[in-house]
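A.B. asks: here are the coordinates; sequence isn't available:
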């Protein structure tokens, strides 16, 4: 199948490669001249005609870059063509992007993609939102990108437009919680005098235990590469999707204490001197006569 | 009334003073010769006889010092005398201490005391556990120590032996949560560009609002004394009673997320580099190709 | 001073009354003919001229009703007049409302009001955002509404437009945390066998303790009126400002675990069967052979 | 190798079977006559001599049953023999049990076992605490019980006596957090109108995503067996190890907000009417004039 890929960064570049390995004809466009196959969107669209069907995968930063790309495509594509937003758009953006294309008969799918740098070899987990007929058109692409094995173990048509990014957002929210659960356990094990082999404990959980997972395997690998995580900074950023998920929890009145805890710990990791704890320390000084450290 | 006071530190010394101002005859004993009125427990007991009733208030560090003091008193006191444990004993210790005295007919009361350095002038909030007849014997003492006003607004016979310290423990657990609630609000206000007078906001809450409290008044005072809390360290210790309260919550299957959050924030305030967040950072490095800061 | 008051519900009506008691001439307008003093906005404006200055206090539901009221006022008022938004608008709305009025030279203040049904007698805590010259114009109103005593203990000019509602929002966020801190302590005390007088414990904290507050007094009152809170439903709504505060925490990267816990507990109080806990129960059934209750 | 197995319940019985399949000669004892191979401990010990080495695996309920079993073994075994405590003892119990045996030269190992009902086929994850020479003696047993593959992926000598159960305890604490992370995500997805296939989303995460794990596979299975978890009760018990882990966190000053959240949610799942939320509802009634639902 002929496919246009806009955005050839770390993710987009790897996906182009995986699609090509599966026999698809992928034409890439990027602002970076060293990465791209063609010099303009127009050239790209000329090169990807499948008997009247043109499919463009958009893989640029979410927000303005994605919106302006889809606006350009709305001008250039025609009825029956298909845009797949594979970046990290918020699901509310999908509704707006679809509204740009639908009046012209151009299909829109949002596709949440998981797998990171491992996806090129292992395949990507794909969560798709949109209309069934558009999903059908793009299925050869999804089949090439997802991991080998049964389709339903690496792909889902999650629901209406936005549902793909929504599912990916929730996936990331879960990920925050999972990571922090392992992290808490790591800290407790590492703090306990009688425990002599923390790395060994994590590794011993790899096969027969309830907590085995891919993240556990990565934790084992990290402890192998950096014994005792010596010198690793606690400073941790957050990418936006954790925040969105928590905001959705608030909006939908769904209690999400685990996600909240994981997210707040990241916020705190970036503070040198917590203003809240300054206040607690100052209050203790007021009522208890505890000396306040300056 | 004649009263023996063992332990004349910051709290015990102030309480001796408040009792004396109320007209009681207080005889103090302490290991520190500069503080004490008499040189031995025996001398103390000789000096506090009230027509056959001797009442000793114990105000020494909890744990071993309190236990060994009560053991000594168990040898020296006789049937009908009364020991009041006014320190910070865990309620489970009260049961053991009472078991030392009860067989000899010596009464035991546990008394949780709140008020800190302000108690000398304002009076102390008192929570008492024990038998009703023992509470009656000691009522003149409690009336002198508690704040002026209706007795029930500064004193309670909370229940059986241990209930006084239990109520004080819960009081402290609540205190942790209250302090952190104000602290979170402080941090958010202080972070917001459009808010220009954070101290003024706290002060404006002093009279007409739902959040007015003594702790709020202390926060206002702290912000007056140290504008923007500049230079205050986030480092905050915890005294044990917050931990005990959370452990009780676990033991009684009572969800206590607010207390837990406040306690964990204190733990974190003492960590330079959170091992848990090191693990989160390392995991992100593994799956996302995010550079790990060293 | 002559003042227009739009919105004469529970809050607006009481505020009109308190202003009148202070000697102000308040003219009220409401959709409800039984409550209002005049039949139209035009009549209202005619009746409140202070030598060229007209001040209108808006006290209608936030969102559309507030916006449409301010749009009407933008048509009717002229340069130098003043609108005070005293309802529960989100601070972001204030920026939009001010933008409607500022081009015409009409002043805008946002005023967060705390005090609930007690404000009529006790006075209201007031947090104001806007320009200093507008604050000066309205000061007689604020002085009448706030509690007696020093102005700064019941009033603050918190900052720029929006800062008043922002401070009120944070106030409410703190309130959520405070309430839940007391509530956790209540549950633990009530669960403990040796504690016989939970109401008495709360009451004994009223004067000499670290946790004394107005909310504590209300808790004492509630326990007096409904012993053991027998028959009170756990079902608790949330008003929006708690959610906004938490969303701001997320947006500003301020950890707010106490507020989050309090808010999530309200969400959970409204669920008959938690879907999350259904999943936990189902998972336990899968790996442990634990029977799943249906 | 000849091995004695005391306790032939669900876990012990399966472990006997797995050891036998690996060619070991296992002699089992249980209070239940239908399950056991021999009628007394004495008979058991006679039947398991390996040229002077007798190894007994204890698999009875923790607390008193385990202690009394080890006390009996302390009388019957002799220098050089070995006891392996494979149940769910708290690590502090291990220190006491070892102290019963060490003076007589009898070895003691504590072994945390994960794997539940799946262990018979898949093998068990094993975490062992004790002296190296004792671990060496028992290695053929551990190799038979653990999953196939590299030893270190299903077995660890975690540290000193107690470290095995400590690691297992932390493993369970992590498990609580992981389960709740998935559960929160499930609830949010299930609540969102645009998402039409929640089961499909979970299943699509099985292979290529960051959140893939054995627990995820179980969640998929649960959603297959009980669509929408219809009729599953939220009521969830907790086994003790989650509580111990949180208590250790408190004791070691390690913040564990994720575990705490997961544990508290279980507590709450068993409450019909939360007393804490009754208090919050009553407080709202007091200050806001909100009607209190009865």
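C.D. replies: Received, thanks. On a predicted model such as this, the values are computed, not experimentally measured, just so you know.
A.B. asks: only C-alpha atoms for contact and neighbour calcs from this point on.
C.D. replies: OK.
A.B. asks: And the spatially most central residue of chain A, how far from residue A:124?
C.D. replies: The centre of chain A sits closest to residue A:114, judged by Cα atoms, centre = their mean, with a distance of 5.4 Å. In this structure, residue A:114 and residue A:124 are 6 Å apart, going by Cα to Cα, to the nearest Å.
A.B. asks: Next, the contact list for residue A:63, please.
C.D. replies: When the contact criterion is Cα atoms under 8 Å, 6 or more residues apart in numbering or on different chains, the partners of residue A:63 are A:89, A:93.
A.B. asks: Sorry, slip of the keys, the one I care about is residue A:155.
C.D. replies: A:125, A:126, A:127, A:128, A:142, A:146, D:201, D:204, D:205.
A.B. asks: Apply 6 Å and report the result again.
C.D. replies: For residue A:155, the contacting residues are A:126, A:127, D:204, taking Cα atoms under 6 Å, 6 or more residues apart in numbering or on different chains as the criterion.
A.B. asks: Format those residues as CSV; extra columns: neighbour count, distance to chain C and pLDDT.
C.D. replies: What follows is the contacts of residue A:155, written out as CSV (neighbours: other Cα atoms under 10 Å in any protein chain shown; distance: Cα to the nearest Cα, whole Å; pLDDT from 0 to 100):
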residue, neighbour count, distance to chain C, pLDDT
A:126, 34, 23, 98
A:127, 30, 21, 98
D:204, 27, 18, 98
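A.B. asks: Secondary structure class of residue A:158, three-state.
C.D. replies: Using DSSP: H, G, I helix; E, B strand; the rest coil, the secondary structure recorded for residue A:158 is strand.
A.B. asks: circling back to that earlier point, any idea what the residue nearest to the centre of chain A is bridged to?
C.D. replies: Residues found in beta-bridge contact with residue A:114 (criterion: DSSP bridges) are residue A:125.
A.B. asks: wait, it sits on residue D:211?
C.D. replies: No - at 9.1 Å, residue A:114 and residue D:211 do not qualify as touching, with contact defined as Cα atoms under 6 Å.
A.B. asks: who touches stretch A:118-128?
C.D. replies: So stretch A:118-128 is in contact with A:14, A:18, A:110-115, A:145-147, A:154-158, A:164, D:205, D:208-209, going by Cα under 6 Å, 6+ apart.
A.B. asks: now stretch A:10-21
C.D. replies: Here stretch A:10-21 has contacts from A:59, A:120, A:144, using Cα under 6 Å, 6+ apart.
A.B. asks: Name the weakest-confidence residue in the residues you listed, if you would.
C.D. replies: Minimum pLDDT across the contacts of stretch A:10-21 is recorded for residue A:120, with 94.
A.B. asks: on that earlier part again, in TSV: the contacts of stretch A:10-21, plus neighbour count and secondary structure.
C.D. replies: As requested, these are arranged in TSV below (neighbours: other Cα atoms under 10 Å in any protein chain shown; DSSP: H, G, I helix; E, B strand; the rest coil):
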residue	neighbour count	secondary structure
A:59	25	coil
A:120	21	helix
A:144	19	helix
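A.B. asks: As a markdown table, those with distance to residue B:252 would be great.
C.D. replies: Supplementary listing: these in a markdown table, determined by distance: Cα to Cα, whole Å:
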| residue | distance to residue B:252 |
| --- | --- |
| A:59 | 52 |
| A:120 | 50 |
| A:144 | 54 |
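A.B. asks: Now do the helices in chain A.
C.D. replies: A:10-21, A:41-46, A:64-76, A:91-101, A:119-122, A:132-145, A:163-191, A:198-204, A:214-225, A:241-252, A:257-269, A:275-288 (DSSP state H).
A.B. asks: Packing partners of the second one?
C.D. replies: Pointing back at helix A:41-46 there. Judged by 3 or more Cα pairs under 6 Å, 6 or more residues apart in numbering or on different chains; DSSP states H and E, helix A:41-46 is in contact with no other helix or strand.
A.B. asks: Could you give the average pLDDT over that helix?
C.D. replies: Mean per-residue pLDDT for helix A:41-46: 97.
A.B. asks: what do you get for the last one?
C.D. replies: Averaging pLDDT along helix A:275-288 yields 93.
A.B. asks: Give the rounded mean pLDDT of stretch A:180-188.
C.D. replies: When the per-residue pLDDT values of stretch A:180-188 are averaged, the result is 98.
A.B. asks: Stretch A:130-143 now?
C.D. replies: Computed over stretch A:130-143, the mean pLDDT rounds to 98.
A.B. asks: what does it contact?
C.D. replies: Under the criterion Cα under 6 Å, 6+ apart, residues A:109, A:160, A:161 lie in contact with stretch A:130-143.
A.B. asks: go again using 8 Å as the cut-off
C.D. replies: Applying Cα under 8 Å, 6+ apart, the set of residues contacting stretch A:130-143 from outside is A:1, A:19, A:55, A:82, A:107-110, A:126, A:128, A:151, A:155, A:157, A:159-164.
A.B. asks: and the residue nearest to the centre of chain A, how far is that from residue A:57?
C.D. replies: 16 Å.
A.B. asks: For the nearest residue to residue A:49 once chain neighbours are set aside, list each beta-bridge partner.
C.D. replies: Excluding its sequence neighbours, the residue lying closest to residue A:49 (Cα to Cα, 6 or more residues apart in numbering or on different chains) is residue A:2, at 6.5 Å. Partner residues in beta bridges with residue A:2: residue A:25, with DSSP bridges as the criterion.
A.B. asks: residues in contact with residue A:2?
C.D. replies: Residues A:24, A:25, A:26, A:27, A:47, A:48, A:49, A:50, A:54, A:55 are the ones in contact with residue A:2 under the rule Cα under 8 Å, 6+ apart.
A.B. asks: Could you dump those into a markdown table with neighbour count added?
C.D. replies: Shown next, in a markdown table, are the contacts of residue A:2 (neighbours: other Cα atoms under 10 Å in any protein chain shown):
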| residue | neighbour count |
| --- | --- |
| A:24 | 17 |
| A:25 | 16 |
| A:26 | 23 |
| A:27 | 21 |
| A:47 | 17 |
| A:48 | 21 |
| A:49 | 16 |
| A:50 | 12 |
| A:54 | 25 |
| A:55 | 27 |
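A.B. asks: Touching, residue A:81 and residue A:102? I think so.
C.D. replies: No - distance between residue A:81 and residue A:102: 10.6 Å, which falls outside the contact criterion (Cα atoms under 8 Å).
A.B. asks: Looking only at neighbour counts, state which of those two leads.
C.D. replies: Comparing residue A:81 with residue A:102 by neighbour count (other Cα atoms under 10 Å in any protein chain shown), the higher total belongs to residue A:81, at 23 against 13.
A.B. asks: How confident was the prediction at that one?
C.D. replies: The per-residue pLDDT reported for residue A:81 equals 98.
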